[in-house]
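**Student:** Quick one, what's the 3D model for this:
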Amino acid sequence: MSAAPAPVFRLFLLRHARAGWALLGQTDFDRTLDDTGFAAAEIVADLASDRGFKPDLVLCSTAVRCRQTADAFRRSVREDLDIRHVDALYAGTADVYRDIIASQDTSLSSLMVVGHNPVIEEILRESIGEQSASEVFPVGYPPGALAAIDFEVRPRADALPHGRLVAFIMPDGHME
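**Tutor:** Okay, the predicted model is just below:
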């Protein structure tokens, strides 16, 4: 049996882990992960590392809860993981996310985006199709969950090509 060919591009979509409610006087941007969120981020990062998921680059929303989620990947995957914080991912639309994904260096074979719902879910649904997405997460994209999608052609800003979901890791340790 021959091995499947390597994809042209692998996209990892990571929704930040569970965050606490904003404290009095705290902005949404400054919300931090709660204890469950910290644990979930570590679990998902460890499971991703065990599967050999090591993105070439991580683009992360500048919101505190996203940075904390991405830091779990730095600890689990590798200390020198290239994490870049992108303001536009905090309140960006799906168009903004698509533009950011498509504008990355074509020498990258994989990219992780750490962001927010509903946009992370929208990008995944666009990438793998409504039916596949509904089968994987029928009640929505859980906080802290990670999707890995393989593409045979590189994403473009105007539309993401159809990809193949190769893994969906949830914070409870369940993997599709």
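**Student:** So the spatially closest residue to Thr32 that is not a sequence neighbour versus Val86, what's the distance?
**Tutor:** What sits nearest to Thr32 in space, not counting adjacent residues and going by C-beta to C-beta, 6 or more residues apart in numbering, is Val64, at 5.4 Å. For glycine as for every other residue, the C-beta is placed from the backbone atoms N, C-alpha and C. Using C-beta to C-beta, to the nearest Å, Val64 is found at 14 Å from Val86.
**Student:** Same check on Gly20?
**Tutor:** Look at Gly20 and Val86: by C-beta to C-beta, they are 23 Å apart.
**Student:** quick one: Arg51 and Arg65, what's the gap?
**Tutor:** The spacing between Arg51 and Arg65, counted by C-beta to C-beta, is 24 Å.
**Student:** more crowded one of these two?
**Tutor:** Arg65 (25 against 14; other C-beta atoms under 10 Å).
**Student:** my guess is that one meets Asp34, correct?
**Tutor:** No. Applying C-beta atoms under 8 Å as the test, Arg65 and Asp34 come out as separate, 9.3 Å apart.
**Student:** overlap in contacts of those two?
**Tutor:** Jointly contacting Arg65 and Asp34 under the rule C-beta atoms under 8 Å, 6 or more residues apart in numbering are Ala19.
**Student:** tell me what the helix or strand of the chain with the lowest mean pLDDT is packed against?
**Tutor:** Here the helix or strand of the chain ranked lowest by mean pLDDT, DSSP states H and E is helix 130-136, holding a mean of 92. Packing partners of helix 130-136 (3 or more C-beta pairs under 8 Å, 6 or more residues apart in numbering; DSSP states H and E): helix 119-128, strand 164-169.
**Student:** so how far is it off the chain centroid?
**Tutor:** The chain centroid and the centroid of helix 130-136 are separated by 17 Å, computed with C-alpha atoms, centre = their mean, to the nearest Å.
**Student:** what's the next secondary structure element after that helix?
**Tutor:** Reading on from helix 130-136 to the C-terminus, the next helix or strand found by DSSP states H and E is strand 146-151.
**Student:** List the contacts of that next one.
**Tutor:** If you take C-beta under 8 Å, 6+ apart as the criterion, strand 146-151 is touched by 7-14, 44, 48, 53, 124, 127-128, 136, 160-161, 163-169.
**Student:** Sheet-wise, list the partners of it with their directions.
**Tutor:** With DSSP bridges as the test, strand 146-151 is paired with strand 9-15 (antiparallel), strand 164-169 (antiparallel).
**Student:** Most tightly packed of those strands?
**Tutor:** Among the strands paired with strand 146-151, strand 9-15 has the highest mean neighbour count (mean count of other C-beta atoms under 10 Å), at a mean of 24.
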